[in-house]
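[1] All I have is the shape, not the residue letters:
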């Protein structure tokens with residue numbers, strides 16, 4: 001596929017020209033030559049439609065390798081190395097996570113000029129969602145249940161990964177705001193620490209708007225309850241297209257740890273719900289209902305099957321859900337305003353994502369979803 005033909009997911013349903021150029025044959029061959037398991041490149045079979053980096057499947061003499069290329073402005077060697085260390089930890093504990101491929105010196109992070117590369121074996125199972133947008137519900141309730149159970153098992157395996165939080169970098173979904181004693185102050189600090197974000201919000205009542213989102217769903221109270229829970233490394237981007245599937249509908253492999261960082265298990269579960277059980281791409285189109293209520297209940301039931309949730313857990317999960325998107329929404333505004341210079345997408349991330357999602361949860365359907373999640377009898 002040529003660069004002229006390749007398109008990626010945008011902020012809506014339409015495909016867009018990528019911000020990052022597609023991986024070329026020459027680039028792929030150079031990276032594969034550094035890997036003992038790489039082998040001679042035959043062809044590039046598929047370019048990922050995910051928008052925040054460039055990725056492709058490379059067919060080599062030894063099989064298929066998944067290549068991913070990040071700009072250094074997006075991922076440092078240290079940041080990607082911390083991500084890979086978490087993946088290896090999970091794989092060592094029997095989780096369906098693939099170990100990144102290493103060069104002859106044992107390095108899995110492969111810098112090259114302005115880019116940082118990583119390579120992975122082809123994941124087992126069927127990649128049923130690979131061309132679907134991230135905010136796509138599950139194909140059926142069985143997969144939602146399996147995804148919840150797999151997330152709980154991942155959390156159990158992650159509990160003894162003692163690494164500190166990864167370095168602050170663009171497009172990482174951390175617990176900086178909701179893990180703070182003062183989420184309002186932490187949110188303001190998050191914005192003011194990012195020059196591109198400061199420049200974009202200049203001239204608008206951003207502090208009032210941000211404070212309104214946090215106050216609408218009692219961020220101080222939620223953060224206070226969350227901070228009583230232990231921290232652990234979490235995936236932070238758990239949705240159907242980051243999982244591959246067996247023919248029986250169970251999870252075959254967990255993909256894409258690009259947003260992983262130290263956080264909280266219930267916050268990670270809330271992120272999984274936020275990204276999987278509401279058809280956000282139809283928000284504002286007059287389509288109703290948007291929430292997949294059965295899938296929400298089933299995902300939580302799957303999680304609880306592996307890691308029991310009491311009533312306090314469920315209540316906190318429901319309180320977290322309307323706020324789970326806030327930090328990554330700000331990260332997207334920063335990304336669009338700074339790294340890729342797309343102010344229109346920054347506006348959509350602010351108004352449609354940060355503010356729009358929080359407002360939806362305050363409405364009738366959003367409240368019904370939160371009530372369903374808070375119920376104790378999820379089985």
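    Now that the structure is in, tell me what you want to look at. The structure presented is a predicted model; accordingly, all values stated were derived computationally and were not measured. Numbers count the residues shown, from 1 in each chain.

[2] Scan this structure for its longest helix.
    Longest among the helix segments of the chain by residue count, using DSSP state H, is helix 141-158.

[3] which residues are in contact with the helix or strand following it?
    Using DSSP states H and E, the helix or strand that follows helix 141-158 in sequence is helix 183-192. Contacts with helix 183-192, where a contact means Cβ atoms under 8 Å, 6 or more residues apart in numbering, come from 176-177, 180, 197-198, 201, 206-207, 210-211, 214, 219-220, 222-223, 326-327, 330. C-beta coordinates here come from the backbone N, C-alpha and C atoms, glycine included.

[4] mind checking how far the longest helix of the chain is from the chain centre?
    For helix 141-158, the gap between its own C-alpha mean and the chain's C-alpha mean amounts to 15 Å (Cα atoms, centre = their mean, to the nearest Å).

[5] pLDDT of it, averaged?
    The predicted model assigns helix 141-158 a mean pLDDT of 98.

[6] buried sites along that helix?
    Taking 16 or more other Cβ atoms under 10 Å as the basis for neighbour counts, the residues of helix 141-158 that come out buried are 141, 143-155, 157-158.

[7] helices or strands up against that helix?
    With contacts defined as 3 or more Cβ pairs under 8 Å, 6 or more residues apart in numbering; DSSP states H and E, helix 141-158 has these neighbours: helix 77-92, strand 232-234, strand 243-245, strand 251-254, helix 265-276, helix 293-306.

[8] Just put the ones you listed in JSON lines and tack on mean pLDDT, mean neighbour count and distance to residue 186.
    Compiled in JSON lines, the helices and strands packed on helix 141-158 are given as follows (pLDDT from 0 to 100; neighbours: other Cβ atoms under 10 Å; distance: least, Cβ to Cβ, whole Å):
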{"stretch": "helix 77-92", "mean pLDDT": "97", "mean neighbour count": "19", "distance to residue 186": "20"}
{"stretch": "strand 232-234", "mean pLDDT": "98", "mean neighbour count": "26", "distance to residue 186": "18"}
{"stretch": "strand 243-245", "mean pLDDT": "97", "mean neighbour count": "23", "distance to residue 186": "31"}
{"stretch": "strand 251-254", "mean pLDDT": "98", "mean neighbour count": "21", "distance to residue 186": "29"}
{"stretch": "helix 265-276", "mean pLDDT": "97", "mean neighbour count": "25", "distance to residue 186": "14"}
{"stretch": "helix 293-306", "mean pLDDT": "97", "mean neighbour count": "21", "distance to residue 186": "27"}
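
[9] could those be laid out in TSV, adding distance to residue 112?
    Supplementary listing: those in TSV, determined by distance: least, Cβ to Cβ, whole Å:
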stretch	distance to residue 112
helix 77-92	11
strand 232-234	27
strand 243-245	28
strand 251-254	26
helix 265-276	31
helix 293-306	39
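
[10] wait, which of those is closest to residue 24?
    With Cβ to Cβ as the criterion, residue 24 lies closest to helix 77-92 of the helices and strands packed on helix 141-158, at 20.8 Å.

[11] mind checking the SS state of residue 58?
    strand (DSSP: H, G, I helix; E, B strand; the rest coil).

[12] Which residues does the biggest strand by length in the chain contact?
    Longest strand of the chain, by residue count under DSSP state E: strand 63-71. Around strand 63-71, the neighbours that count as contacts under Cβ under 8 Å, 6+ apart are 20, 23, 27-28, 31-32, 35, 37-39, 45, 48, 53-58, 80, 101, 114-123, 339.

[13] Which of the contacts of helix 183-192 fall within helices?
    Of the contacts of helix 183-192, the ones assigned to helices by DSSP H are 197-198, 201, 206-207, 210-211, 214, 219-220, 222-223, 326-327, 330.

[14] State the pair within those that is farthest apart.
    Farthest pair in the ones in helices among the contacts of helix 183-192 (Cβ to Cβ) is 198 and 222. Separation: 26.0 Å.

[15] Next, work out how far apart the closest residue to residue 78 other than its chain neighbours and residue 330 are.
    Leaving out its chain neighbours, the residue that sits closest to residue 78 by Cβ to Cβ, 6 or more residues apart in numbering is residue 167, at 5.5 Å. According to Cβ to Cβ, to the nearest Å, residue 167 and residue 330 sit 17 Å apart.

[16] Those two - which one has more neighbours?
    The neighbour comparison of residue 167 against residue 330 (other Cβ atoms under 10 Å) goes to residue 330, with 23 against 14.

[17] what's near enough to touch the more buried one?
    If a contact means Cβ under 8 Å, 6+ apart, then residue 330 has 187, 190, 191, 197, 354 as its contacts.

[18] burial count for the residue lying closest to the fourth one once chain neighbours are set aside?
    Sequence neighbours aside, residue 334 is the residue nearest to residue 197 in space, at 4.2 Å (criterion: Cβ to Cβ, 6+ apart). Counted by other Cβ under 10 Å, the residues lying close to residue 334 total 24.

[19] Now do the contacts for residue 334.
    Under the criterion of Cβ under 8 Å, 6+ apart, the neighbours of residue 334 are 170, 194, 196, 197, 200.

[20] can you count the residues close to the last one?
    Which is residue 200. Under the criterion other Cβ under 10 Å, the count of neighbours that residue 200 has is 22.

[21] cool, the third one as well?
    Applying other Cβ under 10 Å, we find 17 other residues in the vicinity of residue 196.

[22] Can you tell me how far the spatially closest residue to it that is not a sequence neighbour is from residue 198?
    With Cβ to Cβ, 6+ apart as the criterion, residue 196 has its nearest non-adjacent residue at 2.6 Å, and that residue is residue 338. From residue 338 over to residue 198 the distance is 10 Å, taken as Cβ to Cβ.

[23] I am finished for the moment; much appreciated.
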